[in-house]
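Asks: Give me the fold of what follows.
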Amino acid sequence: MNTILLALLAASFLRDFHAYYGALIVTLVAAFAVCDRAWRTESWSRQRARVLIVTLIIALIVIAPTLLEIYLRRITAPSEHIHDGAIQTEQAIYFLWAGKNPYVENYTQTPMANWFAYFDLPPRDNPALDYLPYLPATFIAPMPVAWFAQSAFGFFDLRMYHLIWFGALAFGLLALPENWEHKLGLLITISLQPLFVPFVIEGRNDIVVLGALTLTWLLLARGRITLSALLLGFACALKPTAWFAAPFFFAHLWFTRARDWKWIARVAALPCASVAALFIAPFIVWDARAFIEDALWYQSTGYQIWGQGLSPLLLALNILPHKDAPFPFTLIQFLIGALALIFLLRWQRRAPTLRRMIAATATLGFVVGVVGRAFIDNHIGFMLSLGLIAWWVE
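Replies: Numbers count the residues shown, from 1 in each chain. All right, here's what the predicted structure looks like:
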């Protein structure tokens, strides 16, 4: 099974590479097949060889192209070979270093304004340059890596930080299931997922949220409840997509550990909320209006209709006249999300396993996202990754 998955997923990227490079990937897939089928004994040597081969394939398909993009950006321009969201996150770090509020500043005088997709738009006609649609941990957490990179290399690319999280994610994926076939299957399907790899290479931030949630669930499975809650709080301060994990995390504790809200509040809820507040509260105090407009309102209400969900369908059917048309997407998300949450919590209660907790997170995130204003490719890939994790865990 894992050989077939590895062959199919690796083959989906071959057209992106030179023939010789692709031949190396195919050779490694063949080597994995030999280890998988010819080496029949369940020994540590066999498992180590298979993990090593998969790691090499992931390095060739994900890590090497990411490093190449970092290098190409370095020798061309700060606005090239990277996603605009990563540029904006870097600039938010620099604004904060200068004592400026990243949610108050605009980005018209930064490399973000020169990103290729903005060429046809006058700077003042592009709302993306006026709003920072990311929660504070997105640009605060990378600051130590940015400082080190600037000191050691003379430049910083956000993907340096993301690659650290890629390693953490790979560790979590291997450690989460107990069965070795599931460990490898999970590592292969997540690390080589076609709606995941391109976004890692171009610098989108889903890798950080996925890594943080995976480690959260790993710590929870190991009984390290407070540590897992701290990491969940960090994930929730990164991106709203992590918020879908919170109700099922606490429900899992209620269903499996102790039906005692005071205990849950002490060991999990308070640590989780404290970490999230540590990142978010200073910006609410600094300028609450700017924070709410940028990090919350813009994505849910001010952003253009975009993606593959309900919103472009309404546009195609002429129910909405244009991409900026107002529509109560947030209200629809709340109503449908509330119903889905009730159903999923009841489903989780019937069999409160780690698998159901993660599957419920993926389902709620997808249901709420698909009826939103912008449900784009990396959102779909993120929820698919959560679903794949649920599939492989015991």
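
Asks: what about the helices in the stretch 1-150 of the chain?
Replies: Ranges of helices in the stretch 1-150 of the chain, per DSSP state H, counting those that start in this stretch, are 2-11, 19-37, 44-58, 64-75, 84-97, 137-140, 143-153.

Asks: list the helices and strands the last one packs on?
Replies: The contact analysis (3 or more CB pairs under 8 Å, 6 or more residues apart in numbering; DSSP states H and E) places helix 143-153 against helix 84-97, helix 158-175. (Each C-beta comes from the backbone N, C-alpha and C, glycine too.)

Asks: can you pull the buried residues of the last one?
Replies: Judged by neighbour count using 16 or more other CB atoms under 10 Å, the buried positions of helix 158-175 are 158-163, 165-166, 168-170, 172-175.

Asks: before we move on, what about stretch 298-318?
Replies: Y298, Q299, G302, Y303, I305, G307, G309, L310, S311, P312, L315.

Asks: ok so, going back, just so I know, which of the helices of the stretch 1-150 of the chain lies nearest A229?
Replies: The minimum distance between A229 and the helices of the stretch 1-150 of the chain falls on helix 137-140, with 15.2 Å, by CB to CB.

Asks: Can you list the helices and strands that the closest one packs against?
Replies: Using 3+ CB pairs under 8 Å, 6+ apart, helix 137-140 sits against helix 84-97.

Asks: angle of the helix it packs on against helix 64-75?
Replies: Calculated by axes from the mean of the first three to the mean of the last three CA atoms, to 10 degrees, helix 84-97 forms an angle of 60 degrees with helix 64-75.

Asks: next one: helix 84-97 to chain centre, how far?
Replies: 18 Å (CA atoms, centre = their mean, to the nearest Å).

Asks: returning to what we had before: just put the helices and strands packed on helix 143-153 in JSON lines and tack on mean pLDDT.
Replies: Compiled in JSON lines, the helices and strands packed on helix 143-153 are given as follows (pLDDT from 0 to 100):
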{"stretch": "helix 84-97", "mean pLDDT": "96"}
{"stretch": "helix 158-175", "mean pLDDT": "97"}
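
Asks: Distance to A268 for those - can I get that in TSV?
Replies: Output for the helices and strands packed on helix 143-153, formatted as TSV (distance: least, CB to CB, whole Å):
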stretch	distance to A268
helix 84-97	29
helix 158-175	19
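
Asks: and the helix or strand bottoming out on mean pLDDT in the chain, what other elements does it pack with?
Replies: Least confident helix or strand, the chain: strand 306-307 with a mean of 84, by mean pLDDT, DSSP states H and E. Applying 3+ CB pairs under 8 Å, 6+ apart, one finds that strand 306-307 makes contact with strand 374-375.

Asks: what's the next secondary structure element after the strand it packs on?
Replies: Moving toward the C-terminus from strand 374-375, the first helix or strand encountered (DSSP states H and E) is helix 377-392.

Asks: Let me know the closest of the buried residues of stretch 298-318 to L335.
Replies: Checking the buried residues of stretch 298-318 one by one against L335 (CB to CB), the nearest turns out to be L310, at 13.1 Å.

Asks: Domains in the protein, by residue range?
Replies: 1-76, 77-392 (automatic domain parsing).

Asks: tell me how far the ends of the longest one are from each other?
Replies: End-to-end distance of domain 77-392: 41 Å, with CA to CA, to the nearest Å as the criterion.

Asks: any low-confidence regions in this protein?
Replies: 38-42, 44, 119-125 (pLDDT under 70).

Asks: ok, now with 50
Replies: Regions of the chain meeting the criterion pLDDT under 50 are absent.

Asks: so who does H83 touch?
Replies: Applying CB atoms under 8 Å, 6 or more residues apart in numbering to H83 gives the contacts F199, E202, G203, R204.

Asks: on that earlier part again, what residues does the least confident helix or strand of the chain touch?
Replies: The contact list for strand 306-307, computed with CB under 8 Å, 6+ apart, reads P312, K323, R373, A374, F375, I376, D377, H379.

Asks: Filter those down to the buried ones.
Replies: Among these, those classed as buried by 16+ other CB under 10 Å are P312, R373, A374, F375, H379.

Asks: Tell me the one of these nearest F255?
Replies: For the buried ones among the contacts of strand 306-307, the nearest to F255 is H379 (28.3 Å; CB to CB).

Asks: which residues touch that closest one?
Replies: H379 is in contact with T241, G307, G369, counting by CB under 8 Å, 6+ apart.

Asks: Counting neighbours, what do you get for the first one?
Replies: Burial of T241 is recorded as 23 neighbouring residues (other CB atoms under 10 Å).

Asks: My guess is it contacts F382. True?
Replies: Yes. Proximity of T241 to F382 meets the contact threshold set by CB atoms under 8 Å, at 5.9 Å.

Asks: what touches both of these two?
Replies: Common contacts of T241 and F382, defined by CB under 8 Å, 6+ apart, comprise D206, V209, G365.

Asks: ok, the last one - contacts?
Replies: Contacts for G365 were tallied using CB under 8 Å, 6+ apart; they are T241, F244, F382, M383, L386.

Asks: Kindly report the same for the second one.
Replies: When contacts are counted by CB under 8 Å, 6+ apart, V209 touches A235, L238, K239, T241, A242, F382.

Asks: wait, is M357 part of a helix?
Replies: Yes. Counting by DSSP: H, G, I helix; E, B strand; the rest coil, M357 falls inside a helix.

Asks: Skipping its backbone neighbours, what lies nearest Q304 in space?
Replies: K323 (4.3 Å; CB to CB, 6 or more residues apart in numbering).

Asks: That neighbour and L176: what is the separation?
Replies: 40 Å (CB to CB, to the nearest Å).

Asks: And Q333, by the same measure?
Replies: 29 Å.

Asks: Which one of these two is surrounded by more residues?
Replies: With neighbours defined as other CB under 10 Å, Q333 and L176 compare such that L176 has more, 23 against 19.

Asks: residues touching the more buried one, list them.
Replies: K183, L186, T214, W217, L218, A221, I389, W392, V393.

Asks: and with 7 Å instead?
Replies: L186, T214, W217, L218, A221, V393 (CB atoms under 7 Å, 6 or more residues apart in numbering).
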